Structures are given as C-alpha cells and as structure tokens.
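Trainee: Structure of the sequence below:
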Amino acid sequence: MYEILYSPPVPEPESPRPDVVEPGSAPAAPQTAAPQTAAPGTAAPRTAVADVDATLKDDSVRELAAQFEDEKPGRRLTGAVDTGVTVAAAASAVLVLWQVFRPLAQGGQYYLAIFLACVLPLVFVVYPSGVRLRRTPAADPGRGPTPGDWILAAVALAACAYPLLPFASGGYDAFLNRQGQLDPLDVAMGTALLLLVLEACRRTTGWVLPVVCGVFLAYDYYGGYLPQTWSLAHLGLDFDQIVDALYNSQSGFYGTPLDVAASYIVLFTIYGAVLDASGAGAFFVELSVAAFRRSRSAAGRTAVASGFLLGTVSGSGAATTVSIGAVTWPILRRAGYPADRAGGMLAAAGVGAILSPPTLGAAAFIIAEYLDVSYLSVLGWATVPTLLYYLGILLAVEIDARRFGARPVALRVRSPWTLLGRFGYHFASLLVIIVLLALEQPATRAVIYATLLAALLSFLDRRHRLTPRRLVASLAAGIRGVLPVVAVCVAAGIITASTTKTGLGPQLSGLMVDWAQSLASGHTAVIALTAVFAAVALTLLGLAVPVTASFIIGWVIIGQALLELGVDRPATAMFIFYFAVLSEATPPTALASVAAAAVTGGKVFPTMWQTLRYALPAYLVPIAFVVTPAGRGLLGFGGWDDVGFAFAASAAGVLALSVAAGGWLIGAGPAGPAARVLAGLAALALLWLSLWTVLTGVALLLAAAVLVLVRASRSTPSLEEEPA
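Mentor: Have a look, this model is predicted:
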C-alpha cells in the first residue's frame with residue numbers, strides 16, 4: 001500500500017482544517033502556525049497522511065484539476081447514460097487502434113470523418129451547456145444530459161456522417177467530386193457542423209476560441225469589402241465557398257490539426273489512462289518523496305520530481321499541479337514554505353509536465369506533422385531546453401529552502417530502491433516508446449505496444465489489475481480525455497482554412513517584419529526584435545486560448561515572420577511551442593497557478609508571480625535558440641562541441657538568472673541589489689550564446705559572486721548559510 005508518513009501537525013484549533021485531501025473533500029488551505037518540533041534528543045513523532053493512490057484518485061482532486069484546467073469540467077454520468085458513453089467511447093478507441101494496423105481503404109479523410117462522427121456527439125453528452133462565468137461549473141455536474149443535449153448529439157452525428165452515406169450525399173466519392181460546387185443540402189450540413197463545432201469548443205474551453213474563429217470567418221466574408229490597396233484586403237469569399245473550404249477540403253474540419261488528434265494524441269491519452277489505471281501515478285509520486293526524504297530542500301525537490309514523472313501520465317499543466325499539490329503541499333508546509341512560494345513551485349512543476357519528454361504536450365505531435373519529421377526528432381529538440389527548465393526550478397527550490405529556512409520533514413517511507421525493485425516496472429512502457437522510436441518504428445505503433453505492455457504489467461499488482469471491465473473503462477477514459485482536444489483541433493481547422501484561402505498569414509507576418517525593420521537595423525537586431533514581438537504576441541494569445549490552438553494560430557501567422565527572416569523551421573516551431581505552453585504560467589490567467597493557489601490556500605496573484613519567477617528561464621531560452629546561430633545547439637543541432645557549448649553557457653545563464661530573481665547565491669549567501677543587477681546582466685549575456693558575450697557574462701557572474709562573498713564575510717554568523 002502506498003502510504004507516506006510525516007511529522008505531525010500542530011494541535012488543531014476548535015475548527016480543524018485537514019492537512020491533506022481526504023475522500024470527499026477538496027484540498028485544504030494552509031495552516032499558519034509553526035510546525036511542532038520534537039524535544040531535544042528525541043525523535044520527531046510521525047503520523048500518517050492519506051494514501052497516495054487514494055488521494056490521486058479522489059473525486060475532489062480530479063474535479064479540482066478539471067475546474068482549473070483549460071478544459072471545462074464534464075458531467076459525472078451515472079446509470080445507463082454512463083454505461084452507454086463508456087461503450088461508445090471504448091468502441092471509438094478500438095476504431096483508433098484498428099486504424100493503425102488496418103487503415104481504411106478509402107483514405108485518411110474518410111477515417112477522420114468517422115472519428116469525428118464518433119467523438120463529437122460525446123462532447124454534448126459529457127459536457128454541460130451552462131456558461132461558466134467563474135472558475136466553477138455553472139451547472140450541477142451531477143445532472144445528466146438534457147433533451148437539447150441529445151438533439152445536438154444526434155445532429156452532430158448526422159452532419160459528420162452525411163458525406164459517408166450513399167442515400168444522403170450519394171456516397172463519399174460523389175461528395176468529394178462536388179468540391180467547389182456544393183449542393184444546398186451539403187451547405188446546410190456543413191453549416192450545421194460549423195455551428196456544432198463552435199458550440200463544442202465553447203462547452204469544453206469557453207467563449208474565447210469560438211469568438212476568435214468567428215473573427216476569422218467574418219474576415220473571410222467581409223475581407224473583400226476592404227480597400228484593395230490595404231495589405232489585409234482579399235477578393236472575398238461567399239458563404240458557400242467558406243463552407244466548402246471547411247467541409248469538403250483537407251484544410252478545414254478535416255485538416256492537419258484533427259488528423260494529429262485522431263492519429264497521435266488520442267493514442268497517447270489512451271496510453272496515459274491505462275498507465276494511470278495501472279498505479280503508475282501513485283508510484284511516481286511516492287518514488288519522488290522517497291528519493292529526497294533526508295535534506296531540508298527535499299520537499300521542494302519532491303514536488304519538482306513528481307511533476308516531471310506525472311507528466312508522463314497526464315501531460316496537462318493544471319491537472320498535474322493539483323495532483324502533486326494534493327500529496328506534497330502538506331510536506332512543503334511542514335518544511336516551512338509559505339503558501340504563495342509553494343504554490344508557485346507546484347505550478348511551475350506542473351507546467352513542466354507539458355514540456356517534458358517522452359510525452360510532451362499535444363502541440364508536439366502537430367510540430368512533427370507540420371515539419372514532416374519523426375516524433376523522436378521533436379523529443380530530441382526538447383531535451384536540452386527541458387533540462388535547463390528543470391535546472392532553473394531546482395535552483396529556485398534550493399534558494400528558497402535557504403531564504404526561508406526550510407526544515408527537513410520527518411518521513412517514514414520505503415526506500416527508493418525498495419520501491420524501484422517492487423514497482424519499477426512502471427518505467428518499462430516509457431522505455432519501450434523511446435526504444436521503438438529509436439528503431440524508427442512509427443510513433444503510433446510504439447505507443448500502442450507501450451499501452452499493451454502497461455496493461456499486462458498491471459497484473460503484477462493485484463490492486464491495479466486491468467480486468468476486462470477496468471480495461472474498457474481505461475479505453476473510454478482515454479477517449480473522454482481527448483474530447484476537448486478534438487474540439488480545439490477542429491476549431492483550429494477553421495483558422496488554418498481561413499489563412500490558407502485568404503493569404504492572411506503571410507500578410508500579418510510581413511507586417512511584423514516591416515515593423516521590426518523600421519525600429520532596428522542589422523539582421524540580428526531585426527531577428528531579436530521580431531522574436532520579442534512574437535513572444536509577446538504568443539503570450540497574449542496563450543492567455544485567451546488553449547495551448548494547442550495557441551500553437552496552431554502562432555504557427556500559421558506569427559511563425560511565418562521568423563521563417564521569412566531565415567530562422568529554420570525546427571527553431572521556429574519549438575519557439576512557438578514553448579511560448580504557447582508558458583501561457584499556463586503567465587499572469588493574469590496562469591491556470592496552473594490558480595490551481596496551485598486553490599490547493600495551498602495562497603493568494604492567486606502572488607502565486608502567479610512566484611510561478612513566473614520559477615519558470616523564468618523558459619521565457620529566455622527559446623529566444624536564445626532563435627536569435628543566434630549558436631542557439632541551434634540547444635536543439636541538438638551541430639556537433640557535440642556545439643551542443644556542449646550551448647548547454648554549458650545556457651546553464652550558467654540560468655544560474656545567473658536564479659541569483660538575480662532569487663536574491664541568493666547557493667554556497668555563498670544572500671545577494672544584494674548590486675549583485676542581483678550584475679547577475680541579471682550576466683544571464684542576458686550568457687544566453688546570447690556568442691563567444692564574446694559568454695565571456696562577458698562569466699566575468700559579470702564572477703563579479704556578482706565576489707560581491708555576495710564580501711557581503712557574507714561582513715554579515716553576522718546568523719546570516720551564514722547552513723549546509724543543505
């Protein structure tokens with residue numbers, strides 16, 4: 001049984017507030033009193049907290065994760081409706097698996113039409129229609145679907161299946177032959193599907209993305225009325241042409257975004273659901289606790305490691321934040337971390353789940369499709385930036401442990417070696433994915449084999465055996481998990497079709513480049529300024545729309561500006577990917593931070609700013625591999641010397657950034673204002689990645705270290721740093 005024990009809480013007041021999530025309750029706000037300490041010469045008493053596996057599977061934790069995720073919380077279905085949805089979702093999963101090994105002879109678009117017909121109706125059954133004005137569900141999630149929901153589901157099924165039915169459209173081939181000359185019934189069905197896609201997107205992600213799609217549709221229709229001397233003017237599209245581009249082409253509803261969701265993302269969500277059902281999530285958290293149980297910064301290290309490992313199961317920033325927070329926040333609180341600082345750490349660790357190989361986020365699969373490269377290549381590009389991201393978080397953890405005098409927390413937990421010996425098989429399926437990708441197996445087959453292995457290995461633990469009933473439930477959970485992604489991807493197809501038909505992407509990117517050229521001279525300066533403009537635009541875009549949609553919009557519009565300036569496609573794609581992901585850590589929305597504040601009871605905006613401080617290296621490193629040629633080494637391009645130089649210089653830059661942001665130099669002591677300014681300048685110079693700027697950055701960092709040492713030598717002994 002996964003059970004963690006730790007030093008007891010202080011005596012509770014008359015109205016006690018639990019330290020951890022108990023079944024049926026939400027994570028509690030923090031206690032403000034100081035933790036109880038043992039008498040000198042006696043061992044610290046210990047007491048049990050909630051079982052890790054039970055905590056992660058508790059309904060309150062799962063609901064909190066959904067409440068603060070990009071996706072709106074779905075219904076808690078019961079009875080015949082729940083059974084029907086489970087059967088339909090599991091059947092859809094079987095279709096997806098079948099398509100990998102026995103592709104339909106009619107082609108990929110035919111499969112996408114069937115896939116959308118299977119999953120889009122489920123959105124209206126699973127997700128309520130109520131408008132969510134606050135970050136709580138507007139409708140009771142326990143209520144079942146309304147008659148209106150069933151009608152929308154039926155219309156969605158009819159509109160998606162219409163092109164495939166011989167008695168309705170004349171058959172799929174006849175429907176394709178009418179491209180550019182749709183019948184009135186074709187237009188009616190396409191219009192119905194358009195409205196249903198926007199409604200599905202609204203139900204799963206909110207109003208912003210449907211409104212953005214509406215703006216693009218309005219531009220398609222009214223752009224022809226703009227003065228033709230304007231750069232954004234086009235010839236205009238009538239309504240039938242818009243519907244034709246969306247419903248009967250490969251750049252609309254059935255474009256690359258849906259193709260990636262139906263061919264790759266859904267397989268990884270199924271894999272994550274099976275891996276979670278096998279007990280891997282609880283094992284990863286307990287292993288993280290066991291690995292760092294002795295040092296005073298162990299609590300922070302545990303949260304960071306848990307986020308990295310849980311990312312292989314969830315791949316979702318806010319959901320991972322809630323999961324690790326429910327287990328590790330009591331330990332962080334006992335160690336002495338303030339609620340805002342702990343919340344920032346948890347949120348940064350949760351966001352790291354989307355950046356971490358081998359799963360990454362959904363947008364990573366779209367990168368592979370857009371650039372026509374293997375998924376393994378994308379994993380390779382993400383490796384060094386991920387290491388730098390976690391280096392920055394760990395340095396911030398160590399600094400905060402010293403600044404706030406964090407204390408070791410007495411834990412009684414099995415040794416990491418015992419855990420690895422008993423449950424280490426959970427890593428086997430992850431290794432299978434990496435090995436098969438290295439052997440040039442398709443990513444789709446690699447993840448299916450890994451899913452099969454995870455299901456078989458579940459029988460090594462009788463509590464998590466995937467019996468036929470639990471296997472069907474896991475397959476259904478995988479499909480339910482991809483429903484919001486499908487809605488976003490189909491809606492993103494509206495935007496890509498619009499930019500393709502009107503040429504809007506090149507026009508906007510040209511305006512961005514012209515603006516940068518008017519403000520700077522020199523090719524490098526123009527690239528740097530364009531990168532800053534792009535970073536700001538992507539950050540603002542990410543505040544409004546989910547990560548996947550943010551990447552797609554950024555690629556078709558903003559990314560073209562960087563490509564026009566000669567930045568290569570991998571660097572451009574990864575630049576857009578990172579800033580799309582970082583929207584979860586960026587105020588004023590920062591959903592991962594909001595989720596962390598809900599767990600710790602801290603204030604929302606201070607938690608957001610602490611998250612920003614922890615994740616700060618992730619904002620600068622992407623600019624580094626776009627601006628200078630040496631930055632390509634951060635993506636693994638060039639020889640070992642190029643990669644080594646880029647990594648070493650960037651690691652030193654992250655260290656300097658931690659001193660500037662955290663006000664502490666590990667091993668020396670607190671940094672004063674002058675030392676922090678020098679460290680900040682050193683970080684910028686080091687991350688420029690040219691030889692002379694790196695040497696300058698090293699000199700500035702050494703100067704900052706000297707100032708810290710001088711300050712420490714003049715300080716009282718009470719300010720001197722204790723060993724970690």
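Trainee: ok, L582 to G144 distance?
Mentor: Between L582 and G144 the distance, using CB to CB, to the nearest Å, works out to 38 Å. C-beta coordinates here come from the backbone N, C-alpha and C atoms, glycine included.
Trainee: SS state for A105?
Mentor: Following DSSP: H, G, I helix; E, B strand; the rest coil, the label given to A105 is coil.
Trainee: Could you report the neighbour count for it?
Mentor: 6 (other CB atoms under 10 Å).
Trainee: Could you do L466 as well?
Mentor: 20.
Trainee: can you confirm it is in a strand?
Mentor: No - counting by three-state DSSP, L466 is located in no strand; its state is coil.
Trainee: Tell me if I'm right that it and L457 touch.
Mentor: No - assessed by CB atoms under 8 Å, L466 is found out of contact with L457, at 9.4 Å.
Trainee: what touches both of these two?
Mentor: S278 (CB atoms under 8 Å, 6 or more residues apart in numbering).
Trainee: on that earlier part again, which one of L582 and G144 is surrounded by more residues?
Mentor: In terms of neighbours (other CB under 10 Å), L582 is the more surrounded of L582 and G144; the figures are 26 against 17.
Trainee: Can you show me the helices along the stretch 601-724 of the chain?
Mentor: 604-614, 616-627, 640-662, 673-686, 691-714 (DSSP state H, counting those that start in this stretch).
Trainee: which element is the residue most central in space within the chain on?
Mentor: Centrality entry for the chain: nearest residue to the mean C-alpha point is I354, 3.5 Å, by CA atoms, centre = their mean. According to DSSP states H and E, I354 maps onto helix 339-355.
Trainee: so what does that helix touch, helix or strand wise?
Mentor: helix 298-310, helix 317-335, helix 375-403, helix 569-581, helix 591-600, helix 604-614 (3 or more CB pairs under 8 Å, 6 or more residues apart in numbering; DSSP states H and E).
Trainee: Please identify the nearest residue in space to the residue nearest to the centre of the chain, excluding sequence neighbours.
Mentor: G361 (4.0 Å; CB to CB, 6 or more residues apart in numbering).
Trainee: distance of that neighbour from T320?
Mentor: Counting by CB to CB - G361 and T320 are separated by 11 Å.
Trainee: Looking only at neighbour counts, state which of those two leads.
Mentor: When G361 and T320 are compared for neighbours, T320 comes out ahead with 32 against 27, by other CB under 10 Å.
Trainee: Thought A349 was touching the more buried one, still the case?
Mentor: Yes - when contacts are counted by CB under 8 Å, T320 is listed as touching A349 (7.4 Å).
Trainee: Overlap of the contact sets of those two?
Mentor: G307.
Trainee: ok, back up a step: relative to G636, which of the helices and strands packed on helix 339-355 is closest?
Mentor: helix 375-403 (5.0 Å; CB to CB).
Trainee: What are the buried residues along that closest one?
Mentor: 375-402 (16 or more other CB atoms under 10 Å).
Trainee: and it with helix 616-627, angle?
Mentor: Helix 375-403 runs at 140 degrees relative to helix 616-627, counting by axes from the mean of the first three to the mean of the last three CA atoms, to 10 degrees.
Trainee: just to revisit the earlier point, send the alpha carbons of the helix holding I354 over as PDB?
Mentor: Provided in PDB are the C-alpha atoms of helix 339-355 (Å, rounded to 0.1, in the frame of the first residue of the first chain):
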ATOM      1  CA  ALA A 339       1.800  29.200   0.600                       C
ATOM      2  CA  ASP A 340       2.500  31.600  -2.200                       C
ATOM      3  CA  ARG A 341       6.000  30.300  -2.800                       C
ATOM      4  CA  ALA A 342       4.900  26.700  -2.600                       C
ATOM      5  CA  GLY A 343       2.100  27.300  -5.000                       C
ATOM      6  CA  GLY A 344       4.500  28.900  -7.500                       C
ATOM      7  CA  MET A 345       6.700  25.900  -7.200                       C
ATOM      8  CA  LEU A 346       3.900  23.400  -7.700                       C
ATOM      9  CA  ALA A 347       2.500  25.400 -10.700                       C
ATOM     10  CA  ALA A 348       6.000  25.600 -12.400                       C
ATOM     11  CA  ALA A 349       6.500  21.800 -11.800                       C
ATOM     12  CA  GLY A 350       3.000  21.200 -13.300                       C
ATOM     13  CA  VAL A 351       3.700  23.300 -16.400                       C
ATOM     14  CA  GLY A 352       7.000  21.300 -16.800                       C
ATOM     15  CA  ALA A 353       4.900  18.300 -17.400                       C
ATOM     16  CA  ILE A 354       3.900  19.700 -20.800                       C
ATOM     17  CA  LEU A 355       7.500  20.400 -21.700                       C
END
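Trainee: what about it, average pLDDT?
Mentor: Averaged across helix 339-355, the pLDDT comes to 87.
Trainee: Over to W688: give its phi and psi.
Mentor: Dihedral pair for W688: phi -70, psi -20, per degrees, to the nearest 10.
Trainee: quick one: it and V621, what's the gap?
Mentor: 12 Å.
Trainee: now do G144
Mentor: G144 is 47 Å from V621, where distance means CB to CB.
Trainee: what's the answer for W515, then?
Mentor: Remark: distance between W515 and V621 (CB to CB) = 25 Å.
Trainee: Among these two, which residue is more densely surrounded?
Mentor: V621 (26 against 15).
Trainee: I figured I553 was touching V545, is that so?
Mentor: Yes - counting by CB under 8 Å, V545 is a contact partner of I553 at 7.1 Å.
Trainee: Now do the shared contacts for these two.
Mentor: By CB under 8 Å, 6+ apart, I553 and V545 have these common neighbours: V212.
Trainee: Contacts for stretch 234-252 next, please.
Mentor: Under CB under 8 Å, 6+ apart, the answer for stretch 234-252 is 109, 163, 175-176, 178-180, 182, 186-187, 189-191, 193-194, 217, 220-226, 253, 255, 493-494, 496-497, 500-504.
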